[in-house]
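Q: what follows is a predicted protein model with its sequence.
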Amino acid sequence: MQTPAHLRAEAEGLSAPFPDLLAAAEHLASTVLLGDHGRRAAGMGDAFWQFRPAQPGDPLRRIDWRRSARGDEQFVREREWQIAQSVILWIDQAASMGFTSGDHDTKLARARVLGLAAAILLIRGGERVGLTGFILPPRAGEAQIERLASALLTDTGDDFGEPEARGMLPHSRALFISDFMGDPAPVEAALAKAADRGVGGALLMVLDPEEEAFPYDGRTIFESMAGRVSHETLKAGDLRGRYLERLADRKDLLQGWARAAGWQFDVHHTNDSAHAALLWLFGAMERV
């Protein structure tokens with residue numbers, strides 16, 4: 001069983017071969033630039049942006065007591081640089097992500113490592129990284145890496161995951177990692193909400209190689225990872241064409257929604273290089 005320490009060690013190992021990326025991230029964090037991240041010129045970083053409701057984990061010093069005194073709710077004063085340098089992660093923890101067809105990683109293990117490795121690169125580049133749904137507000141610093149590792153080891157128990165759109169700060173960035181095999185409607189809704197808030201981001205679809213190839217033939221029992229859905233067929237090979245067509249349609253759908261929202265989209269297979277996927281993720285977050 002993975003522990004937070006083991007997950008972090010694996011993610012650290014994955015991010016270690018990227019000294020050039022780390023150097024670029026550190027340089028980016030030390031220079032306030034006009035650009036796609038909504039950053040303003042140097043000297044404007046402390047300008048007031050907005051008030052937002054306080055979230056679990058916000059330090060007391062961040063609460064604006066004058067604004068909070070107007071009602072029963074506590075509010076935090078957000079500044080421009082805090083919005084521009086915030087990245088929100090959603091890593092699918094549903095049962096479908098636990099599938100593997102061989103000796104390679106499960107989809108869940110790969111998604112966790114990629115998500116945390118990306119967070120390490122971003123945090124060390126000066127970004128504030130958190131999780132969607134107010135589970136873990138965006139923060140900077142090494143301690144946040146430990147918090148992320150612990151939070152990413154909680155399974156949902158659902159068959160398929162649905163992206164959580166709450167907690168996305170306006171004009172921040174977001175990263176969703178999933179197999180996207182469930183109902184696609186929540187994905188469309190989350191991307192629409194992100195676009196309304198000016199949030200750019202990336203979708204990474206993680207698949208097992210057998211899910212891509214559908215090598216099954218003859219009598220086969222297909223069962224969901226949570227055991228709630230089961231289907232037996234005597235001619236699995238006859239399903240291959242229809243399955244591959246539907247998978248291609250799902251990728252096209254995700255690609256179209258991502259493009260419309262100004263997001264990046266890619267597919268990663270668990271028997272392929274995790275380093276290549278991390279390189280794409282880091283580049284994708286820099287392009288939005």
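A: Happy to help now that I have it.
Q: what stretches of this protein score poorly on pLDDT?
A: Scanning the chain for pLDDT under 70 picks out the ranges 1-2, 15-52, 55-59, 61, 77-84.
Q: how about the strands in it?
A: 48-53, 75-79, 86-91, 128-131, 136-139, 173-178, 200-207, 220-223, 230-233, 264-269 (DSSP state E).
Q: any idea how far the most far-flung residue of the chain relative to its centre is from Gly218?
A: Taking CA atoms, centre = their mean, the residue of the chain most remote from its mean C-alpha position is Leu234, at 38.2 Å. Leu234 sits 7 Å away from Gly218, going by CB to CB, to the nearest Å. In short, each C-beta sits where N, CA and C put it, glycine included.
Q: give the buried residues for stretch 231-242.
A: Using 16 or more other CB atoms under 10 Å as the test for burial, stretch 231-242 gives Ala236, Leu239.
Q: still on that earlier bit, out of the strands of the chain, deepest packed?
A: Stretch with highest mean neighbour count among these: strand 173-178 (a mean of 28; mean count of other CB atoms under 10 Å).
Q: describe which strands it pairs with in its sheet and in which direction.
A: strand 86-91 (parallel), strand 200-207 (parallel) (DSSP bridges).
Q: just the angle between that strand and strand 264-269, please?
A: For strand 173-178 against strand 264-269, the angle by axes from the mean of the first three to the mean of the last three CA atoms, to 10 degrees is 30 degrees.
Q: contacts for strand 173-178?
A: Outside strand 173-178, the residues that touch it by CB atoms under 8 Å, 6 or more residues apart in numbering are 37, 86-92, 97, 111, 114-115, 118, 132, 161, 163, 168, 187, 190, 194, 199-206, 281, 285, 288.
Q: burial count for Thr132?
A: 20 (other CB atoms under 10 Å).
Q: OK, contacts around it?
A: Each residue near Thr132 by CB under 8 Å, 6+ apart is listed here: Ile88, Leu89, Trp90, Pro163, Glu164, Ala165, Arg166, Gly167, Met168, Ala174.
Q: then Gly133?
A: Trp90, Glu164, Arg166, Gly167.
Q: any idea which helix is longest in this protein?
A: Longest helix in the chain, counting residues (DSSP state H): helix 240-261.
Q: check which helices and strands it is in contact with.
A: helix 185-196, strand 200-207, strand 264-269 (3 or more CB pairs under 8 Å, 6 or more residues apart in numbering; DSSP states H and E).
Q: reformat those as a markdown table; add distance to Arg124.
A: Shown next, in a markdown table, are the helices and strands packed on helix 240-261 (distance: least, CB to CB, whole Å):
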| stretch | distance to Arg124 |
| --- | --- |
| helix 185-196 | 25 |
| strand 200-207 | 19 |
| strand 264-269 | 21 |
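Q: between the ones you listed, which gets nearest to Ala248?
A: Comparison of the helices and strands packed on helix 240-261 against Ala248 by CB to CB identifies strand 264-269 as nearest, at 10.8 Å.
Q: specify the beta-bridge partners of Gln264.
A: Gln264 has these beta-bridge partners by DSSP bridges: Ala202.
Q: hang on, it packs against Leu254?
A: No - taking CB atoms under 8 Å as the definition, Gln264 is not a contact partner of Leu254, at 11.1 Å.
Q: could you name every residue contacting both of the two?
A: Common neighbours of Gln264 and Leu254 (CB under 8 Å, 6+ apart) are Leu203.
Q: before we move on, the earlier item: quick one, which of the strands of the chain is nearest to Thr106?
A: In terms of CB to CB, the element of these nearest to Thr106 is strand 200-207, at 9.6 Å.
Q: from the middle of its chain, how far away would that closest one be?
A: Put simply, strand 200-207 sits 7 Å off its chain's centre (CA atoms, centre = their mean, to the nearest Å).
Q: before we move on, back to that, which one among the contacts of Thr132 gets closest to Arg228?
A: Nearest to Arg228 among these is Pro163, at 20.5 Å by CB to CB.
Q: give me the nearest residue to the closest one, chain neighbours excluded.
A: Ala190 (4.2 Å; CB to CB, 6 or more residues apart in numbering).
Q: got the contact list for that neighbour?
A: Ala190 neighbours (CB under 8 Å, 6+ apart): Pro163, Glu164, Ala165, Phe176.
Q: Ile88 versus the first one, what's the distance?
A: So the one you mean is Pro163. For Pro163, the distance to Ile88 - CB to CB - is 10 Å.
Q: kindly report the same for Thr3.
A: Thr3 sits 25 Å away from Ile88, going by CB to CB.
Q: could you export stretch 214-224 as PDB, CA atoms only?
A: Extracted in PDB, the C-alpha atoms of stretch 214-224 (Å, rounded to 0.1, in the frame of the first residue of the first chain):
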ATOM      1  CA  PHE A 214      -9.200  -4.000 -26.500                       C
ATOM      2  CA  PRO A 215      -7.400  -7.300 -27.100                       C
ATOM      3  CA  TYR A 216     -10.200  -9.500 -25.800                       C
ATOM      4  CA  ASP A 217     -11.800 -12.400 -27.700                       C
ATOM      5  CA  GLY A 218     -14.200 -15.300 -27.000                       C
ATOM      6  CA  ARG A 219     -16.000 -15.700 -23.700                       C
ATOM      7  CA  THR A 220     -15.200 -12.700 -21.500                       C
ATOM      8  CA  ILE A 221     -16.700 -11.200 -18.300                       C
ATOM      9  CA  PHE A 222     -16.300  -7.400 -18.100                       C
ATOM     10  CA  GLU A 223     -16.700  -6.100 -14.600                       C
ATOM     11  CA  SER A 224     -16.300  -2.500 -13.200                       C
END
